[in-house]
Each structure stands twice: as C-alpha cells, then as structure tokens.
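>>> the amino acid sequence is not available; the structure is as follows:
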C-alpha cells in the first residue's frame, strides 16, 4: 500500500483537510461548489483514504512546487489573526482573591448620585427647597397667644389688687362738698362743734348748738361741758372729721360724718400701752336759726 502524498482531501466530514503525507493536519476549508471543483488530471487516479491513511494504487503528481506552496499557504491566510490576550478574561468578582478593593462613595460626598427631587430628599444632607418646605411639619405658635393672655390676666389681677383697695380708701376718706350757702353753713357748724370738744371751748359749743340740744345731752351749762370736754381731750388724739353725705329733710339739713381718732384708754378705761385707732359715724340734724344753722340733734350710726 503506497503512501498518499500531501494535499487537500475530503476528510469525510464535509470539509477539505490538508494531508501532510503522514497524518491529517489542523488545516481545513469548505468543500468547493460542484461547478467550481478543479478538474483532475487524466493521468491521475486518487483513492479515498481508508482507515487512518488514504491509499492509492497509482499516483501521478502533476502539481509543481509553486502550486504546493500556494496550496499549503492558503489555510494559513484564511485563519484570522487572533489578537493578543484574546479571548478577554473577565475580572474576578469583588471580594475574590486578587480583586481590587471595593470603595463606595460617602453619602453627600464626591461621586455620590444627586437626588432628582427639588432641594434633595428627606434625610439627605443639606436638604432645602420647596419639597422640604412642603413636607416639613409646621410648628404650632398658639403658645405665644396663651403666653400673652396669661401676662395680660396677671397684669389685670395685679392692677385690681392695687386699685380696688386704693379706691375704697379714697372713697372712705374723701368728703362730700356742700352745695349752696345753707349746706356750707351747716357743714361749718358741724366742724365748729367738733373743734369745741377738742379745745374744751364752751363759747364755741354754745354757738354751734341749740339750747334744747344742750339740755337733751345733759350739758346745759358751760361748767358741765368743760368737765366733759376735759375728759374727752385727755382720752383721744388725732381727731379728724370727714363729711360723707349732706341731705335735706323737712326743712332740716342732715350731715353725715366719719370721725377718726386714736384712743389713749383701753376698754376698761385704763391707759393703753399704744394708741388704739377708732372710727365713729355720726349723723347731725341742723335747723335754721336766723342766718345760722345750729345742731339740734346727733346720733351715732353703725
């Protein structure tokens, strides 16, 4: 069995493969179309490979050396050049041995993706804008109103605590002024009567009272009055009189007074350790006598 010479042969798998004379090579190419198949030399008889090696009984080589070189070079030209490093090797997954360390951008720092919401998103650093203004909870300011109301009420209470007692004090100490000559004369007579007791002056006492009044109170004579007024003067001090009301009744003038003084004696008639403030209320009835108004009656009033 003769050795098949090098050349292109059908490898039985639908392709032409180069036979180097001893074995099949890795070079292969598609079978040519039927109309493009090269005509074989009349003097050449080629047998299909049998087994591992093709066998022919009689082979006549008609190809020249140049044709053989061209045929052998063709497969090399048809094979595409493989780029260096092909195929590409994928990088190892993050965290695997040999992989580059994985770094993540810091929130809000360089490389961190920016939010598309106006002014940022809730929780993002430096968030501002209309979105945050709309979603931020409103702080209640009603406490300001309550604070103002509380202060006003406090001021009103403090003012009432000062004004009310002051008003009562003024009203109790302020007198009523006389209206007209008759009332003026009546008030002057009441003041003269009180001055007569403070000064123990019988003439003043007689000028301010009617005879019937002096008899009714048991002080018809100056001697009786001077004794009574002397005891009065030694037992009181700081006598003050305030006219609180003036009225007219059946041709008479009624004068009401509040009289303040300090008693130097206690309730048992003994000298007091300290002066005792007292207050009496009197109602005087005055009648007209010529051009004067005289006291014709007096009573205490609780």
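That came through, no problem. Here the structure is a predicted model, which is why all the values come from computation and not from measurement.
>>> drop to CA atoms for contacts and neighbour counts, all remaining ones
OK.
>>> contact partners for residue 31?
10, 14-16 (C-alpha atoms under 8 Å, 6 or more residues apart in numbering).
>>> now, of those, which are buried?
10, 16 (16 or more other C-alpha atoms under 10 Å).
>>> just checking, which of the contacts of residue 31 belong to helices?
Per DSSP state H, helices hold no members of the contacts of residue 31.
>>> for residue 292, name its beta-bridge partners.
residue 289 (DSSP bridges).
>>> burial check on it, number of neighbours?
Residue 292 has 15 neighbouring residues, counting by other C-alpha atoms under 10 Å.
>>> was I right about it contacting residue 184?
No - taking contacts as C-alpha atoms under 8 Å, residue 292 lies outside contact range of residue 184: 10.4 Å.
>>> for residue 286, which non-adjacent residue is closest in space?
residue 295 (4.4 Å; C-alpha to C-alpha, 6 or more residues apart in numbering).
>>> that neighbour contacts residue 284, doesn't it?
Yes - contact status for residue 295 versus residue 284: in contact at 6.6 Å, counting by C-alpha under 8 Å.
>>> okay, these two: which has more neighbours?
residue 295 (28 against 21).
>>> pLDDT score assigned to that one?
Here, the pLDDT recorded for residue 295 equals 97.
>>> and it, helix, strand or coil?
What DSSP: H, G, I helix; E, B strand; the rest coil gives for residue 295 is strand.
>>> okay, and which of the contacts of residue 31 map to strands?
Among those, the members falling in strands (DSSP state E) are 10, 15-16.
>>> can I get those in TSV with distance to residue 148 and pLDDT?
Listed next are these as TSV, based on distance: C-alpha to C-alpha, whole Å; pLDDT from 0 to 100:
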residue	distance to residue 148	pLDDT
10	110	86
15	104	87
16	107	87
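>>> closest to residue 27 among those residues?
Residue 27 has its nearest neighbour among the ones in strands among the contacts of residue 31 in residue 16, at 8.5 Å by C-alpha to C-alpha.
>>> isn't that closest one right up against residue 25?
No - counting by C-alpha under 8 Å, residue 25 is not a contact partner of residue 16; they are 10.7 Å apart.
>>> what about the longest helix in the protein?
In the chain, ranked by residue count with DSSP H as the criterion, the top helix is helix 142-173.
>>> what's that one packed up against?
Here helix 142-173 touches no other helix or strand, going by 3 or more C-alpha pairs under 8 Å, 6 or more residues apart in numbering; DSSP states H and E.
>>> what is the rounded mean pLDDT of that helix?
pLDDT averaged over helix 142-173 gives 81.
>>> tell me who's in contact with residue 251.
Applying C-alpha under 8 Å, 6+ apart to residue 251 gives the contacts residue 287.
>>> list phi and psi for it.
phi 80, psi 0 (degrees, to the nearest 10).
>>> for stretch 262-276, which positions count as buried?
When burial is assessed from 16+ other C-alpha under 10 Å, stretch 262-276 yields the following buried residues: 262-265, 275.
>>> start to end distance for it?
Across its full length, stretch 262-276 reaches 5 Å between end residues, using C-alpha to C-alpha, to the nearest Å.
>>> helix, strand, or coil at residue 207?
Quick answer, by three-state DSSP: residue 207 is helix.
>>> distance of it from residue 190?
Plainly put, residue 207 is 11 Å away from residue 190 if you go by C-alpha to C-alpha.
>>> so the two - more neighbours on which side?
Counted by other C-alpha under 10 Å, residue 207 and residue 190 do not tie: residue 190 has more neighbours, with 23 against 17.
>>> so who does the more buried one touch?
208, 284, 295.
>>> relative to residue 162, which of those is nearest.
Proximity of those to residue 162 (C-alpha to C-alpha) peaks at residue 284, which lies at 34.2 Å.
>>> what is the host helix or strand of the closest one packed up against?
Assessed by DSSP states H and E, residue 284 sits inside strand 271-289. Here strand 271-289 touches strand 252-265, strand 292-300, going by 3+ C-alpha pairs under 8 Å, 6+ apart.
>>> list the contacts of the longest one.
Residues from elsewhere that reach strand 252-265 (C-alpha under 8 Å, 6+ apart): 183, 186-187, 234-248, 271-272, 274-288.
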